[in-house]
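> The following comprises the amino acid sequence and a computationally predicted model.
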Amino acid sequence: MPFLPLLPKQVLLTNLMTNIPSMALPSDNVDDEWIKHPRGWDLSFIKKFMIVFGILSSVFDYITFGVLIFLFKASEVEFQTGWFIESVVSATLIVLVIRTRKSFTKSKPSKYLAFFFNINSFICNDITLYSICVNIRIKPVPLIFYLVLLSIVVFYIVSAEITKRWFYKSLNSS
């Protein structure tokens with residue numbers, strides 16, 4: 001690839017858009033089974049979790065890269081816009097999946113967390129659809145980009161749910 005996947009300004013905007021909703025995490029609802037008794041830090045668990053879900057995230061990064069480069073033959077700006085969309089939306093939604101052992105559909109986030117995650121997705125769409133960030137070199141892309149990128153994100157979320165079940169089951173069996 002003869003260009004940067006994201007420009008420095010785009011990386012900063014991505015970080016801002018994914019970090020602001022994360023500030024609502026302290027307000028989050030915690031599943032009852034996690035607050036029954038005190039817990040200490042389990043560095044082995046954290047390490048395994050980071051490896052498993054880091055690999056899963058990387059797989060979907062490569063899928064997105066492949067789709068943008070080989071399927072869409074995206075220009076530099078189209079690639080960066082597509083990568084921005086996938087990065088912000090998937091990073092926003094994956095927190096809802098990994099914040100609980102349960103299915104993310106059965107563990108209700110706090111109203112603040114839900115609000116920020118919803119508003120973040122709308123802002124991301126507004127930025128890309130209406131070229132609000134022209135000086136950051138994000139521009140509208142063809143509708144098919146949005147549909148395919150949304151499909152990748154949905155596949156990522158479903159894969160993360162399946163991986164999460166396997167991960168916790170493998171921990172319980174060892």
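That came in fine, so what should we check first?
> contacting residues around the lowest-mean-pLDDT helix or strand in the chain?
In the chain, the helix or strand scored least confidently by mean pLDDT, DSSP states H and E is helix 111-129, which has a mean of 82. Helix 111-129 has contacts (Cβ atoms under 8 Å, 6 or more residues apart in numbering) with 13, 17-18, 20-21, 23-25, 27-28, 81, 84-85, 88-89, 92-93, 95-96, 108-109, 132-133, 138-141. C-betas here are computed from N, CA, C, even on glycine.
> Which element is encountered next along the chain beyond it?
helix 143-173 (DSSP states H and E).
> What is that next one packed up against?
Judged by 3 or more Cβ pairs under 8 Å, 6 or more residues apart in numbering; DSSP states H and E, the packing partners of helix 143-173 are helix 43-66, helix 76-98.
> now with 10 Å?
In terms of contacts (3 or more Cβ pairs under 10 Å, 6 or more residues apart in numbering; DSSP states H and E), helix 143-173 is packed against helix 43-66, helix 76-98, helix 111-129.
> in it, what counts as buried?
145-146, 148-149, 152-153, 156-157, 160-161, 163-164, 167 (16 or more other Cβ atoms under 10 Å).
> Likewise for stretch 118-134?
Buried, per 16+ other Cβ under 10 Å, within stretch 118-134: 120-121, 124, 127-128, 133.
> now do stretch 99-114
Result for stretch 99-114 [16+ other Cβ under 10 Å]: buried residues 99-100, 104, 107, 109, 113-114.
> Which members of those are the farthest-apart pair?
Pairwise distances across the buried residues of stretch 99-114 (Cβ to Cβ) peak at 13.4 Å, for the pair T100 and A114.
> Now do the shared contacts for those two.
With contacts taken as Cβ atoms under 10 Å, 6 or more residues apart in numbering, T100 and A114 have 28-29, 108 as neighbours in common.
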